[in-house]
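S.K.: mind looking at a prediction? Sequence and model below.
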Amino acid sequence: MQIKDETETNLLNLRRTIYLTIMSSVDFEEAGHKLLKIKLELGQEMELCIMVLECCSREITYLTYYGLLGQRFCMINKVYQENFDKCFVQQYSMIHRLETNKLRNVAKFFVHLLGTFALPWHVLAYICLTVEDTTSSSRIFIKILFQCGAQIFEVYGLGKEVIDLSFCGSMSSIGGLTFDDMRHVSSITFLSNIAHI
């Protein structure tokens, strides 16, 4: 007979270890190096992604440290990229639960991953950009996502060609942003109205 621990003590200990490692590291490189030394079982990579995002959201202001850390893990292993993709979906679906400061930090974290191409642009396809499908919180999230994204492209001097290449197929699925019918034109109008929030 084997005794199985249902209290998730191991998971809590793993989260505590990840949290302490992130918070005690001087920079993202040190944090990344220490976190890679933690022996993760198959499937526990998601916990690391969740903790990076959780630590980021708890800061008073957004720190690039977390974006660089997330970027590093996305570049190291595609599993982390896929898990941050899932985190984007989870965060966007529960965005109404976050207070404004946490919402801003989460949006800026994902902007960093998108702007450095650590996260594929297809994650934007999860956003359905219509009045019916958004809340005030999700509109603020989208606004920060696009405004900060525009700033990153401006800072890095990424030209129209790079944006067109990376958006290929992604933008056309954000709320159906194509010009096929009037519903899609209203989505574009809705997007421009979000900018005035």
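M.R.: Nice, I can see it. All values derive from a computational prediction rather than experimental measurement.

S.K.: longest helix in this structure, by residue count?
M.R.: Longest helix in the chain by number of residues (criterion: DSSP state H): helix 136-156.

S.K.: and that helix, average pLDDT?
M.R.: For helix 136-156, the mean per-residue pLDDT is 80.

S.K.: same thing with stretch 37-48?
M.R.: 90.

S.K.: what residues of that stretch count as buried?
M.R.: Of the residues in stretch 37-48, those scored as buried under the neighbour-count criterion (16 or more other Cβ atoms under 10 Å) are 45, 46, 47, 48. Every residue, glycine included, has its C-beta placed from N, CA and C.

S.K.: circling back to that earlier point, tell me which residues of the longest helix of the chain are tucked away?
M.R.: Neighbour count says helix 136-156 has 137-146, 148-149, 152-153 buried, by 16+ other Cβ under 10 Å.

S.K.: quick one on the thing from earlier: and which of the buried residues of stretch 37-48 is nearest residue 126?
M.R.: If you rank those by distance to residue 126 using Cβ to Cβ, residue 46 comes first, at 17.0 Å.

S.K.: same for the longest helix of the chain, what does it pack against?
M.R.: In terms of contacts (3 or more Cβ pairs under 8 Å, 6 or more residues apart in numbering; DSSP states H and E), helix 136-156 is packed against helix 100-115, helix 182-194.

S.K.: any idea which of these scores lowest on pLDDT?
M.R.: Lowest mean pLDDT of the helices and strands packed on helix 136-156: helix 182-194, a mean of 52.

S.K.: do you know how far the closest residue to residue 62 other than its chain neighbours is from residue 27?
M.R.: Leaving aside its chain neighbours, residue 62 sits nearest to residue 108 (4.1 Å; criterion: Cβ to Cβ, 6 or more residues apart in numbering). Computed with Cβ to Cβ, to the nearest Å, the distance linking residue 108 and residue 27 is 18 Å.

S.K.: compare neighbour counts for those two and give me the winner.
M.R.: Per other Cβ atoms under 10 Å, whichever of residue 108 and residue 27 has more neighbours is residue 108, with 22 against 11.

S.K.: could you list which residues are in contact with the spatially most central residue of the chain?
M.R.: For the chain, the residue lying nearest the average C-alpha position, counting by Cα atoms, centre = their mean, turns out to be residue 110 (3.2 Å). If a contact means Cβ atoms under 8 Å, 6 or more residues apart in numbering, then residue 110 has 88, 91, 119, 123, 145 as its contacts.

S.K.: out of those, who has the most neighbours?
M.R.: Neighbour counts for the contacts of residue 110 were taken using other Cβ under 10 Å; the highest belongs to residue 119, with 25 neighbours.
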